[in-house]
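Undergrad: Kindly generate the corresponding structure for this input.
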Amino acid sequence: MKANFLATLILAKGIAGHAIPRHSSCKPAAPATGKAVYFLSNDAENSIVALPIQPDGTLKAGKRNPVNGVGSNVIDGATKEPAAPDALVSQSSLVISGKTVFAINAQSGSVTPMTISDDDPTNLLFRSGGASYIQKPFPNTIAASAKNNVLCVATTATQAGVSCAGFHDGNIDPFRSVLSFDLGQSNPPVGPTNTVSQVLFSDDESMLITIVKGDPMANKTGFISTLPVSEIDSECPHDTRTSPEGTAVLFGSQIIPGTSTLFATDASFGAAVLDIDAATGGASIVGKQALDDQKATCWAAYSETTKSVFVTDVAVPRIVEMSAKDASIISQIDLSHTGDAGFIDLAAAGNFLYVLSPGTEATGAAVIVLDIAGGQGKAKFLQRFNVEGLAGKNAQGMAILQ
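TA: Numbers count the residues shown, from 1 in each chain. Now for the predicted structure:
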């Protein structure tokens, strides 16, 4: 450390003691916290709930921003009733690009873009173009590529597939059908199996990736669809579909930055790290890990601070930290003391992890905050912020303004 400091001092002042002009090539330090947390109420009056993040990472009272759209629920295959929690059986039901939040309206079949106010990140403003309709029922997951100015939405009912549109300054062009998936679904769809899980872009934004769950009980195989972004506007887009060996109900996924790998949960066993071949679009297993006592491990969030992935289970009150390289278990955070039955969507920002809880009749919905500044295996419970009155068990999605 002393040698490095001395070398810096010599460079800065020069051997003769004179200053030497120089420019730093260092990147600015990543912020320790985000600015606000966003998720969907997914109710009949669908809204984006926005909670401000304080300097210590904790949350405080925010706002419910109606989006002029209607949320919805899949039908639970076991109970034949509207599913809740996990009403949309997906990850990424809203996404941020620049100063715009794009929100899914499952019942309306539309996407609402809203601008984040410069003065208050919890105050969202309608775009002049308003909601954009997809022309297919039950959209449940969305991805945005700022590099390509492309917005893609997956639908998972009678016309399952992916539709995409250009977006400029937050306004959305008309959607165009890009891919179709023959799932044989109803409207609303029956889940959670045999539905689309997530749509997302590769790290370099050159490839569109869609995760589709299988249904082992019906002998239906899930798959990963990959499509070059260059083909989105073609007359006949051709994707590659792979069913990685040992996977069955692939769900929430995270691109590992700077790599060609994808971390994916699988509700049938735990989670896996997959490599996406840039040339062929095929996906192969790098490593996989079963989780003991899991009920349905479905959501994942990568943290740049810990260089690891955190996963949640809707029916187990814990968060499992896993390796981004091979999915091995790093730590398990027991949160049973919060009174929550389990957790769904989550996202990391700086030194903190934010986790959506659908709550119980006794506790109500909430966002759990973990301090992860200590690095791998050092996550600590920080706060349980109750959002009762803003959202309930239908709530879904998680995005953070950095």
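
Undergrad: What pLDDT is listed against the residue nearest the centre of the chain?
TA: Using Cα atoms, centre = their mean, the residue of the chain that lies closest to the mean C-alpha position is residue 92, 4.0 Å off. For residue 92, the model assigns a pLDDT of 98.

Undergrad: burial count for residue 173?
TA: Residues near residue 173, counting by other Cβ atoms under 10 Å, number 15. Using the backbone N, CA and C atoms, a C-beta is placed for each residue, glycine as well.

Undergrad: I'd say it and residue 163 touch.
TA: No - with contact defined as Cβ atoms under 8 Å, residue 173 does not count as touching residue 163 (11.4 Å).

Undergrad: circling back: for the residue nearest to the centre of the chain, which residues are in contact?
TA: Contacts were defined as Cβ atoms under 8 Å, 6 or more residues apart in numbering; by that measure residue 92 touches 141-143, 198-200, 397.

Undergrad: Filter the residues you listed down to the ones in strands?
TA: Residues of the contacts of residue 92 located in strands (DSSP state E): 141-143, 198-200, 397.

Undergrad: Among those residues, which one sits closest to residue 209?
TA: Using Cβ to Cβ, residue 200 is the member of these that lies nearest residue 209, at 5.3 Å.

Undergrad: That closest one touches residue 209, doesn't it?
TA: Yes - between residue 200 and residue 209 there is a contact under Cβ under 8 Å: 5.3 Å.

Undergrad: what is in contact with those two at once?
TA: Both residue 200 and residue 209 are in contact with 253, 255, where contact means Cβ under 8 Å, 6+ apart.

Undergrad: Tell me, how many residues neighbour residue 32?
TA: Here the number of neighbours of residue 32 (other Cβ under 10 Å) works out to 14.

Undergrad: That one and residue 350 touch, don't they?
TA: Yes - here residue 32 reaches residue 350: they are 4.5 Å apart, a contact under Cβ under 8 Å.

Undergrad: so what's in contact with those two at the same time?
TA: The contact sets of residue 32 and residue 350 overlap at residue 57 (Cβ under 8 Å, 6+ apart).

Undergrad: Just the helices from the protein, written as ranges.
TA: 2-13 (DSSP state H).

Undergrad: so residue 88 makes contact with residue 42?
TA: Yes - in this structure residue 88 lies within contact range of residue 42 using Cβ under 8 Å: 6.6 Å.

Undergrad: which one of those two has more residues nearby?
TA: Ranked by neighbour count (other Cβ under 10 Å), residue 88 and residue 42 place residue 88 first, with 33 against 30.

Undergrad: Residue 282 versus the more buried one, what's the distance?
TA: When distances are taken as Cβ to Cβ, to the nearest Å, residue 88 and residue 282 turn out to be 28 Å apart.

Undergrad: Over to residue 163?
TA: 24 Å.

Undergrad: Please identify which of those two sits among more neighbours.
TA: residue 163 (23 against 15).

Undergrad: how far away is that one from residue 187?
TA: Between residue 163 and residue 187 the distance is 16 Å, computed by Cβ to Cβ.

Undergrad: Same question for residue 269.
TA: Taken as Cβ to Cβ, the spacing of residue 269 relative to residue 187 amounts to 30 Å.

Undergrad: Equivalent analysis for residue 295, please.
TA: Note on residue 295: its distance to residue 187, by Cβ to Cβ, is 27 Å.

Undergrad: Report how many residues lie close to residue 245.
TA: As a burial measure, residue 245 scores 9 neighbours (other Cβ under 10 Å).

Undergrad: I am finished for the moment; much appreciated.
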